[in-house]
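Trainee: Sequence and computational prediction follow.
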Amino acid sequence: MKIYISAFFILISTCIFAQVKNDTIKKETEAEQLEEVKVQSTRTNRTIRNTPTRIEILGAEELDEKGNMEAGAGVKMLLNESTGLQTQQTSATSGNSSIRVQGLDGRYTQILKDGYPNFGNFSSGLSIIQIAPLDLKQVEVIKGPASTLYGAGAIAGAINLISKTPNEKPENTILLNQSHIGQASINIFSSRKIKQFGYTLLVAENFQKSFDVDNDNFSETPKSNTFIFEPKIFYYPNSKTTFMIGNSFTKGNLKGGDMQVIAGNFDANHTYFEQNKSIRNTTILEFDKKLENNNSFKFKQSLSFFDRQINIPNFEFSGLNTNSFSDISILLNKQKHTILSGLNILYDNFKQNNTNTQNSKSFTTGIYIQDTWDISEKIKLENGLRIDNVNYSNQNFSKNQFFVLPRISALFKFNTKLSSRIGGGLGYKTPTIFTEKTETIQYQNILALNNVSAEKSIGATADINFKTQLGDEKFFSINQLFFITQINDPLVLQQNNLGQSFFENASQPVVSKGFETNIKLIIEEDFKIFVGYTFTDAKAKYLQTNQNLLLLPKNILLFTTVYEKEKNFKLGFEGFFTDQQYLENGTKTPTFWTFGFMAQKTLWKHFDFFINFENFTNVKQSNYKRVVNPPNNNPTFDEIWTHTEGFVFNGGVKIKF
């Protein structure tokens, strides 16, 4: 394998540097113009320059790069390598993960695809490793309260994955990816618009062999197979009307644990495994009508079924999660006001298989209005108000709660180089047993919720953005963000004398505060340097002793350097520093650095060959201590605080035609 890796690296490097030597591409010396990217998460058809809400956009370039960097990784790597976002692995054997924003648990972040909230509750632990990135146009990240449009769960923020739509120029892409630890994937995306019709189609198949990197006879990556089939049909009866119907089908099977058990060889000393089987089917329907004066009307509907089964020795937790989302909205453009108003209805029902212990359902009706006011060219104000009525129930109790959720954001353009955004608002989270903590224990011995209330929050962000041109071919920008979020009545997992776990509302809040610094330097348009730093101070005030949130580094530093000739080649190097993290027993983890290198070369216009050395210094948790604690037939697992699989090399080809 090492010979093949070296040969492949030499081939790519030779092609790259040969092309550099003979490169005759003329350098552009004009000032770099910020692309007029339209933001979709605020649904106002505004560019990012004129949107008061602070939104970070990961564009096509980042998506293309991260999509090449790990076979079958879904959007996990893309999100984990962004400032202020942290992927938290919840299982040592299955690789399930959640996404934390600004230090808060994954349940406080709303994951959306094209505005549809279909990735919560029982599906949350698997969602980010089952979403393929090849059909994405951009990813929009709102940090801080985002409840006006997205309601429950958008306390820490919202991550909206924006899909590509068809154009008259056809797009066809095949991505083949293989890693040295047995991960392989094939992804196919196709789209085109022909007269009044258009389509997009995503087909993906991901395979993974079980892999034991530290020779403890337990898998660091599970044996798995995931299949995704996602077609969409667009109909344009005229220039102002769009109908869209789509369906997304995902089937997954992951099995980790004892390597002999995964291979089918059970005996008295080799019995442990964890298996996740899942089927997700989501159907969406959209109607979009452009009216006079650039006004518009939109109707959105989704229906999602998520069937999941978790098996470990002598225990099974399984059920069907049904989710329905309906939204009707109208957008009005006045001389200085853009007004969005609407109504949405969300129904969520979990039905447990074989028993009704954890059966639960919720029904939410919400109305919202948002006004974006162009006070002047330099000051823009966005006010929002949402009113939700929520009913949630299970076998123990039924409760109805009413929420009034105001939000405000402002954009100040001091001059062409300096601007600032501030914002704040309220939020809430409907009670659920599906959290990071319960996912780590496969929902064993969890009592049904009883007489609990929704978690409520107040949060705010403020940033300063400065950008300038340094000479003819150098561009510099810095963004400084400050944030604070307080969650009142947090739902906390406790344990009784019988060893059963139950949730209750704590009397003291969870408070997360800190700041992010993002610096970008562009030299001669070819060489880019990005540095991101996050400081997070998050405390659970209800705890008597150590109040620091677990598995949360106070300091995270990342830097990326990219040297690129457009449509020719790309070289990238990145490093990540992670500070100490508190574990449940009160001890701290070591600090650590990880590094990665990637190279990509375009040949004959249609072929992008790439290689990636992820974590090439081979940092992994077992370097410090075994993650799996004996006995092998009834193991316990340490909390996951860094990589479990260590160094991963992968390479492949992307074919565009």
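Mentor: Right, received. Where do you want to start?
Trainee: got a list of what residue 605 touches?
Mentor: Applying Cβ atoms under 8 Å, 6 or more residues apart in numbering to residue 605 gives the contacts residue 567. Where you see a C-beta, it was placed from the backbone N, CA and C, and this is true even at glycine.
Trainee: Please tell me the pLDDT value assigned to it.
Mentor: The score at residue 605 is 86. That number is its pLDDT.
Trainee: same thing with the one 4 residues further on?
Mentor: Here, the pLDDT recorded for residue 609 equals 95.
Trainee: CA atoms of the helix or strand harbouring it as CSV?
Mentor: Element membership for residue 609, per DSSP states H and E: strand 607-614. Extracted C-alpha coordinates of strand 607-614, given in CSV (Å, rounded to 0.1, in the frame of the first residue of the first chain):
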residue,chain,number,x,y,z
PHE,A,607,-10.8,15.0,-14.6
ASP,A,608,-9.8,16.2,-11.2
PHE,A,609,-7.3,13.8,-9.5
PHE,A,610,-6.8,14.3,-5.8
ILE,A,611,-5.0,12.8,-2.8
ASN,A,612,-5.4,13.6,0.9
PHE,A,613,-3.3,12.9,3.9
GLU,A,614,-5.6,13.5,6.8
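Trainee: starting at the chain centroid, how far to it?
Mentor: 23 Å (Cα atoms, centre = their mean, to the nearest Å).
Trainee: gap between whatever helix or strand comes next after that strand and the chain center?
Mentor: Scanning forward in sequence from strand 607-614 by DSSP H and E, the next helix or strand is strand 628-629. Here strand 628-629 shows a centroid-to-chain-centroid distance of 29 Å under the convention Cα atoms, centre = their mean.
Trainee: Flag the shaky bits of the stretch 51-200 of the chain, pLDDT-wise.
Mentor: 69-74, 93-94, 125, 127-128 (pLDDT under 70).
Trainee: What ranges does it have for its strands?
Mentor: 55-58, 85-89, 97-101, 109-113, 136-143, 157-163, 171-179, 183-194, 197-208 (DSSP state E, counting those that start in this stretch).
Trainee: now these as a markdown table including distance to residue 594?
Mentor: Shown next, in a markdown table, are the strands of the stretch 51-200 of the chain (distance: least, Cβ to Cβ, whole Å):
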| stretch | distance to residue 594 |
| --- | --- |
| strand 55-58 | 20 |
| strand 85-89 | 13 |
| strand 97-101 | 16 |
| strand 109-113 | 23 |
| strand 136-143 | 22 |
| strand 157-163 | 23 |
| strand 171-179 | 16 |
| strand 183-194 | 18 |
| strand 197-208 | 21 |
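Trainee: Okay, buried residues for the strand holding residue 609 please.
Mentor: By neighbour count on 16 or more other Cβ atoms under 10 Å, the buried set for strand 607-614 is 608-614.
Trainee: returning to what we had before: between the strands of the stretch 51-200 of the chain, which one is closest to residue 628.
Mentor: When the strands of the stretch 51-200 of the chain are compared by Cβ to Cβ, strand 85-89 sits nearest residue 628, at 14.1 Å.
Trainee: just to revisit the earlier point, so which of the buried residues of strand 607-614 would you say is closest to residue 340?
Mentor: Nearest to residue 340 among the buried residues of strand 607-614, counting by Cβ to Cβ, is residue 608 at 39.1 Å.
Trainee: Which residue comes closest to that closest one once chain neighbours are left out?
Mentor: Closest residue to residue 608 apart from its sequence neighbours, by Cβ to Cβ, 6 or more residues apart in numbering: residue 654 at 4.2 Å.
Trainee: so how far is residue 584 from that neighbour?
Mentor: Distance, residue 654 to residue 584, using Cβ to Cβ, to the nearest Å: 42 Å.
Trainee: cool, residue 276 as well?
Mentor: 23 Å.
Trainee: Please say which of those two ends up with more neighbours.
Mentor: Using other Cβ atoms under 10 Å, the more surrounded residue of residue 276 and residue 584 is residue 276, with 23 against 11.
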